[in-house]
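Visitor: quick one, structure for this:
(2 chains)
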Number of protein chains: 2
Amino acid sequence: MKFSINQMTVKQLSLPELVKGCTDLGIEGVGLWREPVREYGVAAAARLVREAGLTVTTLCRGGFFTATDRAERAAALDDNRRAIDEAAELGTDTVVLVSGGLPAGDRDLVAARERVADALAELGPYGAERGVRLAIEPLHPMYAADRCVVSTLDQALDLAERFPAEQVGVVVDTYHLWWDDRIAQGIARAGAGGRIHSFQLADWVTPLPAGVLTGRGQIGDGSVDMRWFADEVGKAGYTGWTEVELFNDVLWSRDGQVVLAETLNRVTQHLG
Amino acid sequence: MKFSINQMTVKQLSLPELVKGCTDLGIEGVGLWREPVREYGVAAAARLVREAGLTVTTLCRGGFFTATDRAERAAALDDNRRAIDEAAELGTDTVVLVSGGLPAGDRDLVAARERVADALAELGPYGAERGVRLAIEPLHPMYAADRCVVSTLDQALDLAERFPAEQVGVVVDTYHLWWDDRIAQGIARAGAGGRIHSFQLADWVTPLPAGVLTGRGQIGDGSVDMRWFADEVGKAGYTGWTEVELFNDVLWSRDGQVVLAETLNRVTQHLG
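Guide: Take a look at the predicted model:
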């Protein structure tokens, strides 16, 4: 198990603090987010992680492809090309995509998913030329209206498989997929096609907070059988990083280095 | 389209107020809940709706079958037999089932779903002897941990189809199922087997409130294509009631008779 910490899990840490924490704890992988990286400077961030010997496992995030307005769509494609450029500069091979929700007043999920496919057709080759793969992240169905019209691993694979695996794959994130009784077959299918481009962990805890964005549980606190998921992606041939990405107001209110160490301990305890 | 109002949509109304509102508006069907019915008295409630000429389209709700503790399981079965008895006394042929979530500390969704099947095997014949069908309601995956381990129509049908359709069917509720790209096939499958025992409407609106229980949108306010759903259940051979069940704090804070009239208008506007 190669552990990676997603920057959002400890967003209270500055990038240098995060890098130092990883070095101190022997963590070798980190998933970065565009906003804090751009604030720090992409070139400076790339140098910082490279000099610390860290692997950037993913860059979060591109996507938001579902606008119907032509100018909005063009702007989204431009922004995603920049995300790919940033990923290449940071030395990561994977940009995570959140597909986008329904435009205001729109009720056509099928058409929205087709607009995601259209964007992938434009961006896949652009990424491949730069050594960067796109990873469609199916988000929990509770985000289908306002954030991501791709809700299941099967849907994500239906989209990804229209393109070469070197261009487009998927994220398997336990938080979004744990409830699905078709997930074992989905993971096997993704693995067989070489399309598991990222494996992310978060636990499912209730009650959900208002807006349902910041209630992802620390590993072991919730309903997800983490060992089962890790075994399934392993059986499917995945040998990449196991990245923990938590959005959690309580964790964010605590000391970031303590949360970082706790997260490593939890993953070691549940999967080590 | 035969419109039915679920009692929970206007829970601020007493049972006599609800019945009067239905009579005034020409509404001929009502879905009732056990708690307010028992408070009013089951026999008295049965007489009230019968004398008003109302059809009781469903009784909500039975279920909560997923406990592992033997005494808890026995108590749940007893309670569901009472629900079936109450349904028979009210003259409805359908008890809606919410399956139950994971027991505390439990992460085994597969085993929990099997315990639902075990309960159905006991209760199906009991219901059939009394002319009452059980209707498994798949709830949105955001409830999988704490409320209902049956998250998709396919899962509900996998359970129901182990039993005769006269004993066990499903609820097609737009709120819970709208995001699923397999829903058209699921509805067709349910209809072909004569298993659509209830068709319920609620719209999907965001942001979701804390706890995600009381944010169901008024028909037309959200992301669900109601016409599409009504067409699909119709094509699948469903000729029963269209019942609106909203859990919504804002609607509950308003005058119940106004909300009742508004709900009828909305359904007429979107489906009439």
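Visitor: can you show me the helices along the stretch 51-200 of chain A?
Guide: Defined through DSSP state H, counting those that start in this stretch, the helices belonging to the stretch 51-200 of chain A, from first to last, are A:70-90, A:109-129, A:153-160, A:174-177, A:183-192.
Visitor: of these, flag the one that's most buried.
Guide: For the helices of the stretch 51-200 of chain A, the largest average neighbour count (mean count of other CB atoms under 10 Å in any protein chain shown) is found in helix A:174-177, namely a mean of 25. Every residue, glycine included, has its C-beta placed from N, CA and C.
Visitor: distance of the nearest residue to A:D249 once chain neighbours are set aside relative to B:T214?
Guide: Across the structure, with CB to CB, 6 or more residues apart in numbering or on different chains as the measure, the residue nearest A:D249 apart from its sequence neighbours is A:T214 (4.8 Å). Between A:T214 and B:T214 the computed distance is 19 Å (CB to CB, to the nearest Å).
Visitor: for A:I5, same thing?
Guide: 36 Å.
Visitor: who has more neighbours, the two?
Guide: Set side by side, A:I5 and B:T214 show more neighbours around A:I5, with 29 against 15, by other CB atoms under 10 Å in any protein chain shown.
Visitor: now do the helix or strand harbouring that one: distance to the chain's middle.
Guide: With elements delineated by DSSP states H and E, A:I5 resides in strand A:2-6, which encompasses its position. Taking CA atoms, centre = their mean, to the nearest Å, one finds the center of strand A:2-6 at 12 Å from the center of the full chain.
Visitor: need the contact list for the residue of chain A most remote from its centre.
Guide: Checked against the mean C-alpha position of chain A, the extreme residue using CA atoms, centre = their mean is A:G105, at a distance of 27.7 Å. With contacts taken as CB atoms under 8 Å, 6 or more residues apart in numbering or on different chains, A:G105 has no neighbouring residues.
Visitor: dihedrals phi and psi, it?
Guide: Here the main-chain torsion angles of A:G105 (degrees, to the nearest 10) amount to phi 80, psi 0.
Visitor: please apply the same query to A:W178.
Guide: According to degrees, to the nearest 10, the main-chain angles of A:W178 amount to phi -60, psi -30.
Visitor: touching, it and A:M226? I think so.
Guide: No: using CB atoms under 8 Å, A:W178 is not in contact with A:M226, being 9.4 Å away.
Visitor: could you check how many residues crowd around the closest residue to A:V171 other than its chain neighbours?
Guide: Across the structure, with CB to CB, 6+ apart as the measure, the residue nearest A:V171 apart from its sequence neighbours is A:E137 (3.9 Å). Residue neighbour count, defined by other CB under 10 Å, stands at 26 for A:E137.
Visitor: check contacts around A:E137.
Guide: A:E137 sits next to A:61, A:63, A:96-99, A:148, A:150, A:156, A:170-171, A:173, A:176, A:198, A:200 when contact means CB under 8 Å, 6+ apart.
Visitor: next, the angle from the lengthiest strand in chain A to helix A:109-129.
Guide: Criterion DSSP state E: the longest strand present in chain A is strand A:55-63. For strand A:55-63 against helix A:109-129, the angle between stretch directions is 140 degrees (axes from the mean of the first three to the mean of the last three CA atoms, to 10 degrees).
Visitor: residues of strand A:55-63 that come out buried?
Guide: A:T55, A:V56, A:T57, A:T58, A:L59, A:C60, A:R61, A:G62, A:G63 (16 or more other CB atoms under 10 Å in any protein chain shown).
Visitor: between these, which sits nearest chain B?
Guide: The shortest separation between chain B and any of the buried residues of strand A:55-63 is 17.4 Å, and it belongs to A:G63 (by CB to the nearest CB).
Visitor: identify the bridge partners of that closest one.
Guide: Following DSSP bridges, A:G63 is listed with bridge partners A:V98.
Visitor: near chain B, which residues of the stretch 151-272 of chain A show up?
Guide: For the stretch 151-272 of chain A, the residues in contact with chain B under the definition CB under 8 Å from any CB of the partner chain are A:151-152, A:155, A:178-181, A:204-212, A:222-225.
Visitor: quick check: end-to-end length of stretch A:245-255?
Guide: Counting by CA to CA, to the nearest Å, you get 17 Å between the two ends of stretch A:245-255.
Visitor: what's the answer for stretch A:217-224, then?
Guide: Its start and end residues considered, stretch A:217-224 measures 10 Å (CA to CA).
Visitor: buried sites along it?
Guide: Taking 16+ other CB under 10 Å as the basis for neighbour counts, the residues of stretch A:217-224 that come out buried are A:G217, A:Q218, A:I219, A:G222, A:S223, A:V224.
Visitor: let's have the residues you listed in a markdown table, adding pLDDT and secondary structure.
Guide: Listed next are these as a markdown table, based on pLDDT from 0 to 100; DSSP: H, G, I helix; E, B strand; the rest coil:
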| residue | pLDDT | secondary structure |
| --- | --- | --- |
| A:G217 | 98 | strand |
| A:Q218 | 98 | coil |
| A:I219 | 98 | coil |
| A:G222 | 98 | coil |
| A:S223 | 98 | coil |
| A:V224 | 98 | coil |
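Visitor: would a markdown table of the helices of the stretch 51-200 of chain A with mean pLDDT be doable?
Guide: Formatted as a markdown table, the entries for the helices of the stretch 51-200 of chain A read as follows, by pLDDT from 0 to 100:
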| stretch | mean pLDDT |
| --- | --- |
| helix A:70-90 | 98 |
| helix A:109-129 | 98 |
| helix A:153-160 | 98 |
| helix A:174-177 | 98 |
| helix A:183-192 | 98 |
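Visitor: out of the ones you listed, flag the one nearest B:E51.
Guide: When the helices of the stretch 51-200 of chain A are ranked by distance to B:E51, counting by CB to CB, first place goes to helix A:109-129 at 44.7 Å.
Visitor: what about that closest one, near chain B?
Guide: Yes: counting by CB under 8 Å from any CB, contacts between helix A:109-129 and chain B involve A:L109, A:V110, A:R113.
Visitor: could you find the closest non-adjacent residue to the first one?
Guide: The shortest distance from A:L109 to any non-neighbouring residue, by CB to CB, 6+ apart, is to A:V149 (5.4 Å).
Visitor: neighbours of the one you found, how many?
Guide: Counted with other CB under 10 Å, residues neighbouring A:V149 total 30.
Visitor: contacts only, for it.
Guide: By CB under 8 Å, 6+ apart, A:V149 lies in contact with A:T66, A:S99, A:G100, A:G101, A:L102, A:L109, A:A112, A:R113, A:V116.
Visitor: what's the answer for A:G127, then?
Guide: Taking CB under 8 Å, 6+ apart as the contact definition, A:G127 lies against A:I84, A:V95, A:R133, A:L134, A:Q167.
Visitor: tell me the most packed of those, by neighbour count.
Guide: A:L134 (28 neighbours).
Visitor: that one reaches A:A165, doesn't it?
Guide: No: distance between A:L134 and A:A165: 10.7 Å, which falls outside the contact criterion (CB under 8 Å).
Visitor: so which elements touch the strand holding A:I5?
Guide: With contacts defined as 3 or more CB pairs under 8 Å, 6 or more residues apart in numbering or on different chains; DSSP states H and E, strand A:2-6 has these neighbours: strand A:29-33, strand A:55-63, strand A:241-244, helix A:256-271.
Visitor: before we move on, the earlier item: which one of the buried residues of stretch A:217-224 is nearest B:E161?
Guide: A:S223 (26.5 Å).
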